[in-house]
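Student: Need a 3D model of the sequence below.
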Amino acid sequence: MYTPPRNHRYIGPPELRAAVRPGGEGRAIGSPADFDAWAARRPPAELDEPFTFMVDAGGLLRLAPRRSEHVACAGGAPVLGAGEVAFARRAGRWTVGEVSNQSTGYRPDPDASWPAVAAALDRAGLDRPAFFTHVLLFRLCTGCREQNTVHDLDFTCLFCGDPLPERWNADPHAP
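Tutor: From the prediction side, this is the model:
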C-alpha cells in the first residue's frame, strides 16, 4: 500500500529541541561524491557503527554520529524520515547494511517515510534494501494519550491496556 510522504514534526522532549543550535545540523549528502567525501573523513571505527540520519523537507539525506539527537541533526525542522543507518563496503561500493525508522523524537510512520528515505539513499548513490531492515511502529493511545512502541504486533497500550490504533497516529497534532 502506498502512503505519500508526510512531514513528521518533532514530538520528543522539549528540552532536546531547546538545545538545538543553528549550524549544528547533520552533514548534507546530496550525491555519491558527497557521500564518498564524507565517508573518507570518518575514522574506520566510526564507520563500523550506525549513524543518526534524517531526510529533510527537500529530500536531502543528513548524517550525524550515532549518539546525536535526530532533532539536532534536523536543526529542529520537520523531517520526511529519520532513524539509524549502517553502511558497508561491498565489491568496492558503499551499501546500506541496515536502516531503521528508530527515532523516538519524530516517531516516523514507516510507510509514509520510506519513499523519502529510499530516494535520499538513491541520490547518495548507495545500494539499499527494499524497505527498512528494522521497523518500529509508534502509536499514541487514544485512551490515556501515552506514546507506545508496538512490539510483536500487539496493539495494546502498555500503560492502560486499551487497544492501540492500527494506523500511525504518533503525532497528536497531525491532521
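
Student: Can you find the helix or strand of the chain with the lowest average pLDDT?
Tutor: In the chain, no helix or strand scores lower on mean pLDDT, DSSP states H and E than helix 44-47, which sits at a mean of 91.

Student: what's the next secondary structure element after the longest helix along the chain?
Tutor: For the chain, the helix with the greatest residue count under DSSP state H is helix 110-123. Remark: after helix 110-123, the chain's next helix or strand is strand 137-140, criterion DSSP states H and E.

Student: Strands of the chain, start to end?
Tutor: 27-29, 51-56, 61-65, 79-90, 93-99, 137-140, 147-150 (DSSP state E).

Student: For Pro14, which of those is the nearest?
Tutor: strand 147-150 (14.2 Å; CB to CB). (C-beta placed from N, C-alpha, C; glycine too.)

Student: Can you name the residues that contact the residue nearest to Cys141 when sequence neighbours are not counted?
Tutor: Among residues not flanking Cys141 along the chain, Cys157 sits closest, at 4.1 Å (CB to CB, 6 or more residues apart in numbering). When contacts are counted by CB atoms under 8 Å, 6 or more residues apart in numbering, Cys157 touches 141, 143-144, 146, 148, 163-164.

Student: if I look at Cys157, how far off is Glu166?
Tutor: Note on Cys157: its distance to Glu166, by CB to CB, to the nearest Å, is 13 Å.

Student: Mind giving me the packing neighbours of the least confident helix or strand of the chain?
Tutor: Using 3 or more CB pairs under 8 Å, 6 or more residues apart in numbering; DSSP states H and E as the contact test, no helix or strand touches helix 44-47.

Student: and for that helix, what are the contacting residues?
Tutor: So helix 44-47 is in contact with 39, 65, 87, going by CB under 8 Å, 6+ apart.
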